[in-house]
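1. Structural data only, the sequence is not supplied:
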């Protein structure tokens with residue numbers, strides 16, 4: 001039996017497709033950080049890297065299909081944080097609550113996907 005790492009890489013073999021990695025990341029996000037409302041994610045050609053809309057009690061995240069895999073992943077985690085912190089009339093949609101949610105998602109993703117956690121630094125520590 002072949003063991004799969006969270007990143008979608010078979011231990012001892014080459015990478016699986018970016019699409020497989022993308023789907024596994026979405027499944028992980030839905031399980032670990034479920035939004036209050038149903039959320040769909042699509043990849044299509046758009047002028048920005050990503051955007052999120054809320055309509056009919058649903059979030060819709062759109063990520064530029066032409067974005068490099070690392071950019072698309074960062075945009076997905078960024079937009080997912082919006083889904084977790086949206087309260088219906090957000091004026092400051094990149095405020096403290098969003099920043100904390102994004103940081104939690106990002107650190108948890110690194111631990112899941114790469115098997116390590118980022119170390120916190122204390123101001124002057126190097």
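-> Structure received. All of these numbers come straight from a predicted model, not from anything done at the bench.

2. show me the contacts for the spatially most central residue of the chain.
-> Nearest to the mean C-alpha position of the chain, counting by C-alpha atoms, centre = their mean, stands residue 77 at 2.4 Å. By C-beta atoms under 8 Å, 6 or more residues apart in numbering, the contact set of residue 77 is 29, 102, 105, 106, 109. Glycine gets a C-beta too; all of them are placed from N, C-alpha and C.

3. Secondary structure of the second one: a helix, I assume?
-> It refers to residue 102. Yes - under DSSP: H, G, I helix; E, B strand; the rest coil, residue 102 sits within a helix.

4. roughly how far apart are the residue nearest to residue 98 when sequence neighbours are not counted and residue 52?
-> Spatial nearest neighbour of residue 98, chain neighbours left out: residue 85 (4.7 Å); criterion: C-beta to C-beta, 6 or more residues apart in numbering. The gap separating residue 85 from residue 52 is 11 Å, by C-beta to C-beta, to the nearest Å.

5. shared neighbours of the two, anything?
-> Shared contacts of residue 85 and residue 52, defined by C-beta under 8 Å, 6+ apart, are absent.

6. in the helix or strand of the chain with the lowest mean pLDDT, what counts as buried?
-> Taking mean pLDDT, DSSP states H and E as the measure, the chain has strand 50-55 as its least confident helix or strand, at a mean of 91. By 16 or more other C-beta atoms under 10 Å, the buried positions in strand 50-55 come out as 50, 52.

7. What is the next helix or strand after that strand packed up against?
-> For strand 50-55, the following helix or strand on the C-terminal side (DSSP states H and E) is strand 58-64. Judged by 3 or more C-beta pairs under 8 Å, 6 or more residues apart in numbering; DSSP states H and E, strand 58-64 is in contact with strand 39-44, strand 50-55, helix 69-85.

8. between the longest one and strand 39-44, how many degrees?
-> Okay, so that is helix 69-85. 150 degrees (axes from the mean of the first three to the mean of the last three C-alpha atoms, to 10 degrees).
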